[in-house]
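Engineer: sequence first, then the predicted structure:
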Amino acid sequence: MKIKIQFLFFLLCGIILLYTCANPTQQHDAAGHTAPSSDTRIVALSGGITEVLYTLGHGNKIVGVDVTSTFPEEVKELPQLGHIRNLNAEAILALAPNLIVAEAKDSSNQILQQLANSGIELLFLESTNHPDKPILQAEVLAKKLGSEASLQTLKEQHLQDIQELQQIKEKNTYEPRVLFVYARGKGSMMVAGRNTSASSMIELAGGKNAILDFEGFKALSAEGLIEAQPDVLLLFKSGLQSLGGQEGLLQVPGLSQTPAGVNQRFIAMDGLYLLGFTPRVGKAAIDLAKQLQAFNYEDQLTQNKD
């Protein structure tokens with residue numbers, strides 16, 4: 001009887017061992033959540049997703065990233081795979097990932113579908129321009145990879161940031177018209193309309209988008225700039241540099257006929273930080289709100305009274 005019990009015990013151990021070996025990328029913790037094995041190898045194809053993974057403590061599992069992944073600093077040491085629209089399947093396969101994480105808006109990407117057919121697991125996460133985006137992404141990743149404690153810390157910090165943002169916005173005496181300009185040199189300048197990450201961030205920070213008569217992005221024209229009459233121009237730091245700094249920006253046709261140009265009210269911020277809606281989205285909105293409030297809008301307030 002004793003020998004029979006020992007036999008059953010070793011048989012059970014053998015079954016568990018075989019199951020574990022057959023499923024190297026999935027294990028479960030005591031709470032039933034999926035937890036990563038040491039063999040988890042992730043390719044992250046969004047700067048925001050990469051940042052969420054690092055925030056949850058899974059940065060050491062990332063083996064490759066896309067061009068938008070620029071934070072934190074150590075991500076720059078990882079293999080760069082280009083933009084989501086120009087992926088190289090062979091380069092990704094060479095990294096031997098068993099999980100590729102991207103945003104839902106890129107779920108129809110043909111290269112990703114090819115990689116899925118090769119047996120690599122694909123995980124698509126929320127791609128909204130809502131301040132809760134990083135939380136929604138983190139909840140899925142925490143359930144998939146573990147790290148419930150880090151998720152809770154992220155949620156608490158996010159709530160604190162949003163509460164601080166609301167307190168700052170309550171001090172608003174004027175809602176400035178803000179125009180986001182995406183620049184890649186003087187010959188390539190676009191402005192953001194409705195349903196864009198730029199429009200969402202401007203509103204989140206207490207401003208209003210200066211252009212609402214179209215969706216997405218359109219080429220900037222002198223006529224359109226004058227018609228929009230923005231109080232403030234918002235750009236990426238890299239975009240401002242591509243124009244030759246503030247001196248080059250002031251030479252943009254039509255700008256001198258706007259309140260933003262006359263008063264030289266310009267704001268330049270890091271691209272991922274400003275519009276990535278990453279775990280730092282609350283802090284980015286706070287920074288933008290403070291900079292918007294720091295300007296003097298006396299001329300606009302006087303015109304409104306008249």
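Structural biologist: On my side now, so go ahead.
Engineer: which strands or helices does the longest strand along the chain pack on?
Structural biologist: The residue-count maximum for a strand in the chain (DSSP state E) belongs to strand 177-183. Packing partners of strand 177-183 (3 or more C-beta pairs under 8 Å, 6 or more residues apart in numbering; DSSP states H and E): strand 189-192, helix 197-204, strand 208-209, helix 222-228, strand 232-236, helix 237-242. Yep, even glycine has a C-beta here, placed from its N, CA and C like the rest.
Engineer: hey, C-alpha coordinates of the second one in CSV?
Structural biologist: In this case it means helix 197-204. The C-alpha trace of helix 197-204 is given here as CSV (Å, rounded to 0.1, in the frame of the first residue of the first chain):
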residue,chain,number,x,y,z
SER,A,197,-4.5,62.6,-29.3
ALA,A,198,-3.4,66.3,-29.5
SER,A,199,-7.0,67.5,-29.2
SER,A,200,-7.7,65.2,-26.3
MET,A,201,-4.6,66.3,-24.4
ILE,A,202,-5.4,70.0,-25.0
GLU,A,203,-8.8,69.6,-23.6
LEU,A,204,-7.5,67.5,-20.7
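Engineer: contact partners of stretch 91-110?
Structural biologist: 24-25, 39-46, 48-49, 53, 63-64, 79, 81, 84-85, 87, 111-112, 115, 118, 120-127, 141 (C-beta atoms under 8 Å, 6 or more residues apart in numbering).
Engineer: can you map out the helices along the stretch 201-306 of the chain?
Structural biologist: Here the stretch 201-306 of the chain has its helices, by DSSP state H, counting those that start in this stretch, at 222-228, 237-242, 245-249, 259-262, 271-275, 281-294, 298-305.
Engineer: coming back round to it: dump the helices and strands packed on strand 177-183 to TSV, plus distance to Tyr297 and mean pLDDT.
Structural biologist: Converted to TSV, those look like this (distance: least, C-beta to C-beta, whole Å; pLDDT from 0 to 100):
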stretch	distance to Tyr297	mean pLDDT
strand 189-192	21	96
helix 197-204	15	98
strand 208-209	13	98
helix 222-228	16	96
strand 232-236	9	98
helix 237-242	22	97
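Engineer: I'm done for today, thanks for sticking with me.
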